[in-house]
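Undergrad: Starting from these lines, generate the structure:
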Amino acid sequence: MEQPVKTYTVVLTGGKMSKTLHLVRCLRSFELAEPNVQMKIIVLEQAKFRYSATGFSRCVDHFEIITSPRDSADAYMDDIYKACERHNATHFLPVAAPVEAIYDAELKERLEAKLGVAHLHMDQVLCNILDNKHTFGCFLSDTLNLRSPRTHQVSSDDEARKYNKLFHEERENGKLRRTMILKNLSYDPIHRLDLFQLPCPEAKLDTYLTRIKNDGNPISEQEPWQVQEFLGGGTEYAAMIVVRENHLVTMTCCPSSASQLNYAHVEIPSIRKWLEDFMVGLKNTDNILTGQICFDFMVLTENNKQVAYPIECNPRVHTQCSIYSRDDVKALFGSLLLENNDEREQQMISLLERDYGKNTIGQKMNVYWFYNDFFKILPNSWLLDYNDGNDVMERNKILLMDQPYPSARVILTALIYLPALILSIFAMLPILSLFLVLPGDDLLGSDLTTAEQLFAIYYKAMLFLDRLVYMNDNIEGDFWEYDPVPFIAKNHIQVASRLLASIRSGVEWKKLDFAIGKVVEVGGD
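TA: Predicted coordinates:
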């Protein structure tokens, strides 16, 4: 008997980001794998990213421009509503930047009640709770009775001083279990890695408070900060989950860092157990959670057991969704986004175990971005800063290793890329020449000689070429054989156009983010 045709029209936002491109490909893969499924995909993005790579994808039927919520939140929501109405959308799947998630949630009731659209995001009340580090921590401990770090909110410098004094007293009385971190509740690219700890001498705190005020991020009633228990000595992970009405559909977990752009799934039982308890806790309340959500966890060893502590929650899609990368996994993930069931959920667990588990044959999969890893070959400096903070230590370790000898496949790959490499170096000569006139200690924190630096660069270049050789195990985040154009568009049109715009405007910027597809500007989101 012939099965009836299922028709889906899915509207997504966040066209500039690799995660949107990946979700689009997963949805299209679902259609290609199921003869009885028909799919129309519409992607929305603001005008400054009109040249987004997703717009060049053969998986996208329509790419449209909408108002940025920074310009008008009401116009942003109206534009999404009109797009859903115009295309008779069956599903709205927001892929939000930090500033957009709340407005996507605010739109939920309107889309569902007036258009009958399945809005794959939580309501505004729950989004506000999860999106705030302090209210999230209180919600876990007070409402769900779940393990979470201690948290306080401070709305002035005097409140910060009051808590600093309290923590001094608790430490003297033996009641302070761990030190506390003072951090901004809003996204703060300047101070997000400070890890400023309390209690501390009063003068030190005053100096820090003056510094953040001078940097334009003072503690205030309008922009409060958080004091959170510092969980040192553990391992940090990021976890993204897909949830439908308080039911955990699928989960991916990976080691985390401040600027994470390499993804390989790992199964951490303590994190999965905490997330399952989180779902149980939600079911015992009036809250109904639907959406794609990511968490940061710190896993500590306590009494010889691994214990997961949630640090914060971001109620939006995480780039680590790119770990669903094999063609069969793409199709299955696309189906789970729209119509989950127990059989498919168990199948996804099996496929992730196949690609990333302990019994995986050969090399485990790794998702990376071409130019991000290419720039990691060079040490951190005033010009390039793509390596982790321990890059100097890693390069010192490289000096103790044997010189790698390239295989025939690596040599062939290098020859294939040689013309492009020569052209790139020639184009960059005006910038690279500045290294010759700047002092040698400009390489951040490095005491390596020139010869040692060159050996470390050669070693890391061999590792990079090795990724290009074994492309089946090393998945480029924007490249797919079925849909290759967005890879070219992202690196040579989208990012390049935004870089030219930033240079023309004179705004201060830090680096190019190839996964988000933007120039990271100081003070930007």
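
Undergrad: Measure how buried residue 64 is and give me the count.
TA: 17 (other CB atoms under 10 Å). C-beta here means a position set from N, CA and C on the backbone, and glycine is covered the same way.

Undergrad: Apart from its chain neighbours, what residue comes closest to it?
TA: Leaving aside its sequence neighbours, residue 64 sits nearest to residue 44 (CB to CB, 6 or more residues apart in numbering; 5.4 Å).

Undergrad: which element is the one you found on?
TA: For residue 44, the element it lies in under DSSP states H and E is strand 37-46.

Undergrad: ok so, going back, so the residue nearest to residue 64 touches residue 15, yeah?
TA: Yes: taking CB atoms under 8 Å as the definition, residue 44 is a contact partner of residue 15 at 6.4 Å.

Undergrad: who touches both of those two?
TA: Taking CB atoms under 8 Å, 6 or more residues apart in numbering as the contact rule, the neighbours common to residue 44 and residue 15 are residue 63.

Undergrad: about what we covered before: which residues touch the residue nearest to residue 64?
TA: Contacts of residue 44 by CB under 8 Å, 6+ apart are 11-13, 15, 63-66, 79-80, 83.

Undergrad: are any of those buried, and which?
TA: 11-13, 15, 63-64, 66, 79-80, 83 (16 or more other CB atoms under 10 Å).

Undergrad: For residue 49, state which of those residues is nearest.
TA: residue 15 (6.5 Å; CB to CB).

Undergrad: Now the closest one: closest residue in space, sequence neighbours ignored.
TA: Nearest residue to residue 15, sequence neighbours excluded (CB to CB, 6+ apart): residue 45, at 3.3 Å.

Undergrad: That neighbour contacts residue 62, correct?
TA: No: applying CB under 8 Å as the test, residue 45 and residue 62 come out as separate, 11.6 Å apart.

Undergrad: So between these two, which is more surrounded?
TA: residue 45 (25 against 14).

Undergrad: Tell me the pLDDT of the more buried one.
TA: We have a pLDDT of 96 for residue 45.

Undergrad: Please list all residues in contact with it.
TA: Residue 45 touches 13-16, 52, 54-55, 63-66, counting by CB under 8 Å, 6+ apart.

Undergrad: Just give me the neighbour total for the residue nearest to residue 188 when sequence neighbours are not counted.
TA: Using CB to CB, 6+ apart and skipping the chain neighbours, the partner closest in space to residue 188 is residue 217 (5.6 Å). Other residues within reach of residue 217, judged by other CB under 10 Å, total 18.

Undergrad: Over to residue 118?
TA: Should you count by other CB under 10 Å, residue 118 turns out to have 18 residues around it.

Undergrad: now residue 306
TA: Residue 306 has 15 nearby residues by other CB under 10 Å.

Undergrad: Verify the assumption that it is located in a strand.
TA: Yes: counting by DSSP: H, G, I helix; E, B strand; the rest coil, residue 306 falls inside a strand.

Undergrad: Tell me how many other residues crowd the nearest residue to it once chain neighbours are set aside.
TA: Take residue 306 and drop its neighbours on the chain: the residue closest to it by CB to CB, 6+ apart is residue 270, 4.3 Å away. Close neighbours of residue 270, defined as other CB under 10 Å, add up to 17.

Undergrad: same deal with residue 81?
TA: 19.

Undergrad: Return the residues in contact with it.
TA: Per CB under 8 Å, 6+ apart, neighbours of residue 81: 107, 110-111, 115.

Undergrad: and if you look at residue 181?
TA: Per CB under 8 Å, 6+ apart, neighbours of residue 181: 195-198, 227-230.
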